[in-house]
Structures are given as structure tokens and as C-alpha cells.
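>>> Everything below, folded, please.
(2 chains)
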Amino acid sequence: MTHIVEMKGMNKYFGKLHVLKNIDLTVEQGEVVVIIGASGSGKSTLIRCVNGLEEFESGKLVVDGQALAPKGGNQKALAEIRKEVGMVFQQFNLFPHLTVKKNVMLAPMKVKNASQVVANGTAERLLNRVGIGDQADKYPSHLSGGQQQRVAIARALAMEPRLMLFDEPTSALDPEMIGEVLDVMRELAKEGMTMMVVTHEMGFAREVADRVIYIHEGQIVEQGKPDDVFDNPQNERTQAFLSRVLAH
Amino acid sequence: MEFQFQFDWQAAIDSIPFLLKGIPYTLLISFGGLLIGFVLGIIFGLLSINKHWFLRWPATAYIEIFRGTPILVQVLFIFYGLPDLIGSPINPLTAGIAAIALNSGAYISEVVRGGVQSIAKGQTEAGLSLGLSRTQTFWSIIWPQAFRRMIPPLGNQAIVSIKDTSLFSVIGVGELVRQGQIYIANTFTAFEVYFVVAILYLAITLSLSLILRLVERRGLASV
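Numbering: from 1, shown residues only, chains lettered A, B, ... in the order given. Take a look at the predicted model:
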């Protein structure tokens, strides 16, 4: 198997705050890795380092064969990585001035120089796949949160990424809309997409993840198969966290 | 002594053809100046939020100088002062356009800065994460959204600048107020003529407000 993400001794600071401490992590192609942990534990920061939305201060980070340098060095590698790595945000971050379809068409046309016809075809196919085909000409603000997030997934997929990052994709959604977004993610995982998912949806993690990682105060304190981590956590921090989130 | 003032409608109406001759100058100075001011505003507004201090600093200096001094002083400086420096006279029309351009450019820089900074950081992150360069992200994602938010303050600036051109009667540009002054010098009907002058300014600014409102409604319909 080939590593698509490799972190070694990676450290990240926000000013004096040490947010990621000596992170060692590899993600294999086709693997679904779910990262859990309390808010402020550094889990979002971790996946934001993968596509360079956050810089790291020291250590090694290789994504899809491209080595990123600390402190935002190696912009060339970063540009290559971003073409291959898709990201879905908590707040969707759709482009409000563009229709749903244009949201999906923008990156293939600007980055890959896809023709209007090709980009249009890709957008229609992907929007149908996430169940938004009939809303393609609406503006994002006319869609529900769940629909917007599905468009955001389609937008990321339009670049045919080799890795998808999900940063709490359901945290901003009303409860009744969480299911429709998780369904799309479940499908993606089934089709073999490599995914790194930060989420509070423990049911999803248990069902879909190949590996669950628990982060506490910027350190990976436990990782393993979901059943092992959820049913038989070894670290007492993991035990405390899980008893809190699974209690209800 | 009895004092009675009678508004002389005939005098007002008679003055209109002469006053109208000032309108092309008023429009030329304001819109010519605003057009250049808009270009300056984009350039200096974006420079003022650049991460490099050596670009930011001069832009900020320009903005502060032209916002912080009266436009009357600016136009006097350009018309009477600058010729000493460059060794040739500047015609009043050029001086007027230059003053509006530099002055509105400073205010528009602030409008541009505010508009761009009002767009959520997540928009930039979404663009970058899709593989767009910083430049592509800015011009295809941030700028179109920022520009829509800039329309109302830009309209406001246009109205202010149109009225500012009235000050340029002091350098002898044949704009609306100057035409009024010349006319009054012959007829002594100050009340009537300045009344008409005011109405004419109002006609220009109200038309502009109306157009802007339509543009704004069309622009915002999608967001």
C-alpha cells in the first residue's frame, strides 16, 4: 500500500500555544480515517495542515508524494497538493455569487482549464450523484444547509481528488439534515475514496471508519479499528472522552 | 421701511439656458474624476491591505493625505501650486478632474478595503482548497462579492464628488456654480439663480441615486 499522507514529528504552534505535538500519522490510499477529540484538541488544525490552510513549524509532512516545508515553504508542492486534495468545511463556504452549478464548475475551468462543456457535464453528473441535480441553477442561499453541504462535496469532487478532507461537515447542520450528508460520505467511502474526517458523529465513525484516531491536547493518544477504540479504549483520556460523548 | 421679496419666476426660467451650459463641465469633471478615482481606489485600496509594508505604507499615506485635507486646498494646490513645480500652467478642467480623481480615489480606497475585508475568510480558504491560486481566488471569488457590497458606498462617494465640483468655480471652470455666478453678476437675481442651480444639482444626484438603486436591486437579487 502507498501512503497518501505521511506526517512525522510534526509540530504546530499558534503563537506560544503548542497545538500539534510531534504528530506521527500515515494514511493509506483508500483508507477512511476518522479523527475525534474534544473541541480545541487540534483535530481540525491537523487536517488543515494537510492542504496547507495551516502552516506547521517543524517536522515532516508529505502529501501525495509532495513534501511540504515548514512555515509555508515550498509553494509549488502546495499548489500541486491542493489540486489533488478536496476539502469540505463546517460552514460549507459555497460561493454565494455563483449558482450551484457554477460553484462546481469553477475549479475545473480555472485550475484544469476544462472547457465549459466538459465542466458542465461533470457538474451535472456530480450534482445528480449527491441528489441536487434539480437545483443546479439556484443560488446557494436558496438551498437548505444539508443541500448546501452536498453541493460543497460535489464541488470538491469535481477536481477528482485523491484525498478528501472533511472538517466537521455536519456540525453546522440542523439534526434532520445530518443524515443526508453522512449518506453521501458513506457512499464515497464505499467507492474507495481516501478520506480524513473530523467529526462528532460517533455512529458514523464506528460504521464507516477503517481507523479512528483520538486526539487530546494536540497529541494522538489512541488509534485503532473503530470497534477496538469505541468498545475497549486503552488510554484513560480516551475512556473519559468516550464516556462523555457516548453517555446519552 | 417696508421690505417685500417676490420670487421672480421669469428670472429663474430665463437663467436656465445659461446655467445648463455648466452641466457638461460638472458632469465631465465629476465622472471623469470618479472614473480615475475608481481605478486609484482599487489600486491603493488593495495595496493598503497588502502583507508587504513597503506597499501598504505608501498607499496608507496617500489615503490619509487626501482624506485629511480639504478638497478646496487640493484643487488650489494643483491649479496654482503645481505649475510652479512643473513649469507650465495647468488648465482648470484638468486641475478639477485631477482633484476629484485624487480625492475620491482616497475615499474609494477605503471603500475597496472595507469591501474586501468584509468577505469571510472561509471564501478564500474554499478557493485555495480547490487549487485556485491566490490571484484566481481573489478575482473570481472575493472581488465579485466585495464589489456588490461596495456599490452603495461608491454611489455615496459619487454624489459627494459631484457636489464637490461646485468648489471648482474658484479656479474658473465653467461648471454649474461658476455659470450661476457669471449670470448673477449681470442680473442680480441671486436668489432665483442659486435656487435653479440647487435644483439642477438635485436633478443630477437624484437620477444617480435612482440608477444605483436599480443596479443594487439587480445585483443583490442573487445573494
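
>>> Let me see the ranges of the strands in chain A.
All strands of chain A, identified by DSSP state E, fall at A:3-14, A:17-28, A:32-36, A:58-63, A:66-68, A:85-88, A:163-167, A:194-198, A:211-216, A:219-224.

>>> any chance of the ones you listed in TSV, plus mean neighbour count?
Yep, even glycine has a C-beta here, placed from its N, CA and C like the rest. Below are these laid out as TSV (neighbours: other CB atoms under 10 Å in any protein chain shown):
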stretch	mean neighbour count
strand A:3-14	18
strand A:17-28	18
strand A:32-36	25
strand A:58-63	18
strand A:66-68	18
strand A:85-88	27
strand A:163-167	24
strand A:194-198	25
strand A:211-216	23
strand A:219-224	18
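
>>> want to throw these into TSV with mean pLDDT and distance to chain B?
Shown next, in TSV, are these (pLDDT from 0 to 100; distance: least, CB to the nearest CB, whole Å):
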stretch	mean pLDDT	distance to chain B
strand A:3-14	95	15
strand A:17-28	95	17
strand A:32-36	97	17
strand A:58-63	94	13
strand A:66-68	92	13
strand A:85-88	98	4
strand A:163-167	97	8
strand A:194-198	97	13
strand A:211-216	96	21
strand A:219-224	94	23
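
>>> Kindly present the ones you listed as a markdown table, with separate columns for distance to B:R148.
A markdown table is the format used below for the strands of chain A (distance: least, CB to CB, whole Å):
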| stretch | distance to B:R148 |
| --- | --- |
| strand A:3-14 | 33 |
| strand A:17-28 | 36 |
| strand A:32-36 | 37 |
| strand A:58-63 | 35 |
| strand A:66-68 | 35 |
| strand A:85-88 | 25 |
| strand A:163-167 | 27 |
| strand A:194-198 | 32 |
| strand A:211-216 | 40 |
| strand A:219-224 | 44 |
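
>>> Of those, which is nearest B:E125?
strand A:85-88 (8.0 Å; CB to CB).

>>> which residues sit against stretch B:46-54?
Residues outside stretch B:46-54 that contact it (CB atoms under 8 Å, 6 or more residues apart in numbering or on different chains) are B:L55, B:R56, B:P58, B:A59, B:T60, B:I63, B:S109, B:V112, B:R113, B:V116, B:Q117.

>>> which of those lies closest to chain A?
B:V116 (14.0 Å; CB to the nearest CB).

>>> can you pull the contacts of that closest one?
When contacts are counted by CB under 8 Å, 6+ apart, B:V116 touches B:G45, B:L46, B:I49, B:I142, B:W143, B:A146.

>>> Number of residues surrounding the fifth one?
Translated: B:W143. Neighbourhood size, B:W143 [other CB atoms under 10 Å in any protein chain shown]: 19.

>>> which residue is nearest the middle of chain B?
B:S161 (3.2 Å; CA atoms, centre = their mean).

>>> Is the residue lying closest to that one once chain neighbours are set aside within a helix or a strand, and which one?
Of all residues not flanking B:S161 in the chain, B:S104 sits nearest, at 4.7 Å (CB to CB, 6 or more residues apart in numbering or on different chains). Taking DSSP states H and E as the criterion, B:S104 maps to helix B:92-117.

>>> Quick one: check whichever helix or strand comes after that helix for contact with chain A.
Tracing the chain past helix B:92-117, the next element assigned as helix or strand by DSSP H and E is helix B:121-129. Yes. For helix B:121-129, a contact with chain A is found by CB under 8 Å from any CB of the partner chain, at B:G122, B:Q123, B:E125, B:A126, B:L128, B:S129.
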